[in-house]
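Fold the following, please.
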Amino acid sequence: MDILDRLTNRQELERRIDTEAEAVYIDAEALAETLRSKVVGQDRVCHELAAQIRRRLALEHRGKPIGVFLFAGPPGSGKTYLGKTLAYAIGRKLLHFDMTQFSNGSFASTSLFGAAKGYVGSTTYGKLTAGLRDTPDAVVLLDEFEKAHSEVHKNFLTAWNDGFITEASDGQQISTTRSLFILTTNAAVDALAGVGRQYADNPDELRRAADAVLRATGFAPEVLSRIDRIFVFEPLSGLDIARVAALEIESMIQGYGLELSDGGINPQILLDLVNRWRKQGYAASARDLVRAIEEVIADSLIEAKRKGAQRVSLAERDGKVWTEVVR
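Here you go, the predicted structure:
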């Protein structure tokens, strides 16, 4: 039991805190620049998202979450990473849920929202209700939301429309008015890519067209009607794929306790990864790219580390990647 549940009327306290919420003013341009510096190839989305966040945080009175945003687009385009980057940039805790794990109706609901008294698990809060009870101003990232069970979807409707979710074990209403919800989906990537290009400069038409596409894929109308904004991500191409590959290589090298020298990646290595990505089309994802990079360089990095190297560069000879020690 939470301390406030035991010592006061928690629900009334939360209600009063919510009604007295202070406006928060942020620099949208600075936030957009921070997001763009981390997320490759989605400058337009970063700019529009930053503007939305600025407007929502400036509100003094809210009866609903700060925002319910849907990030739609192909795998590997940066949807999940942007959600994580946003949480860090605005100084909020991230509650991250892979919604593919909540496709079974009964288990899914109890896992997130708690189990009713008398059922297994009723002595503890659900993962989501506990997270928002302890961190009411969290960013809630719901990856591949469409793959969750419809009963799970229904439980979120109250959270987005009425400003609270109910913990099943004790009936407590957990406020969501200080939370920010971000949903991602990989549905209808081809159709959404066309919609995104056609209505890039017309947010209203983009929303209408994207809404129609997502309804056709099975998104419930009542879910879509509660989403404040749909952001359509562009598929990565050309140099953007190379940029992602270069950043992933640098991250992997650092993970082995090494440093990458300036200009230390042979261009042919990046070209090979770009071509590998292109062959997979919209099915490609950042995870695929990471696996490809690992296959190519991990063994040579381990060997360099074993020999006491600190800084390395990557060379390409005869179709093979070599790690070279930089003195």
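
what helices or strands is the helix with the most length in the chain leaning on?
Taking DSSP state H as the criterion, the chain has its longest helix at helix 286-306. Contact partners of helix 286-306 among helices and strands, from 3 or more CB pairs under 8 Å, 6 or more residues apart in numbering; DSSP states H and E: helix 238-255, helix 267-280, strand 311-317, strand 320-326. C-beta: built from backbone N, CA, C; applies to glycine.

would you put the C-alpha positions of it in PDB?
Extracted C-alpha coordinates of helix 286-306, given in PDB (Å, rounded to 0.1, in the frame of the first residue of the first chain):
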ATOM      1  CA  ALA A 286      17.400  -0.800 -36.600                       C
ATOM      2  CA  ARG A 287      17.600  -4.200 -34.800                       C
ATOM      3  CA  ASP A 288      18.500  -5.800 -38.100                       C
ATOM      4  CA  LEU A 289      21.200  -3.300 -38.700                       C
ATOM      5  CA  VAL A 290      22.600  -3.800 -35.200                       C
ATOM      6  CA  ARG A 291      22.800  -7.600 -35.900                       C
ATOM      7  CA  ALA A 292      24.500  -7.000 -39.200                       C
ATOM      8  CA  ILE A 293      27.000  -4.700 -37.600                       C
ATOM      9  CA  GLU A 294      27.700  -7.200 -34.900                       C
ATOM     10  CA  GLU A 295      28.300 -10.000 -37.400                       C
ATOM     11  CA  VAL A 296      30.800  -7.800 -39.200                       C
ATOM     12  CA  ILE A 297      32.900  -6.300 -36.500                       C
ATOM     13  CA  ALA A 298      32.300  -7.900 -33.100                       C
ATOM     14  CA  ASP A 299      35.000 -10.600 -33.300                       C
ATOM     15  CA  SER A 300      37.700  -8.200 -34.500                       C
ATOM     16  CA  LEU A 301      36.800  -5.800 -31.700                       C
ATOM     17  CA  ILE A 302      37.100  -8.500 -29.100                       C
ATOM     18  CA  GLU A 303      40.500  -9.400 -30.400                       C
ATOM     19  CA  ALA A 304      41.700  -5.800 -30.400                       C
ATOM     20  CA  LYS A 305      40.500  -5.400 -26.800                       C
ATOM     21  CA  ARG A 306      42.300  -8.600 -25.800                       C
END
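
who touches that helix?
75-76, 78, 81, 241, 244-245, 248-249, 252-253, 256-258, 269, 273, 276-277, 280, 312, 314, 321-323, 325 (CB atoms under 8 Å, 6 or more residues apart in numbering).

I'd say Ser77 and Ser237 touch.
No: between Ser77 and Ser237 there is no contact under CB atoms under 8 Å: 10.3 Å.

who has more neighbours, the two?
Neighbour count, other CB atoms under 10 Å: between Ser77 and Ser237, Ser77 has more, with 31 against 12.

For the more buried one, which three-state class applies?
Per DSSP: H, G, I helix; E, B strand; the rest coil, the secondary structure class of Ser77 is coil.

quick one, what contacts it?
Gly41, Gln42, Phe233, Glu234, Pro235, Leu236 are the contacts of Ser77 under CB under 8 Å, 6+ apart.

any idea which of those residues is closest to Leu35?
Among these, Gln42 lies closest to Leu35 (CB to CB), at 8.2 Å.

The closest one: neighbour count?
Counted with other CB under 10 Å, Gln42 comes out at 25.

mind checking how far it is from Ala72?
As judged by CB to CB, to the nearest Å, Gln42 and Ala72 stand 12 Å apart.

what is in contact with those two at once?
Common neighbours of Gln42 and Ala72 (CB under 8 Å, 6+ apart) are Phe233.
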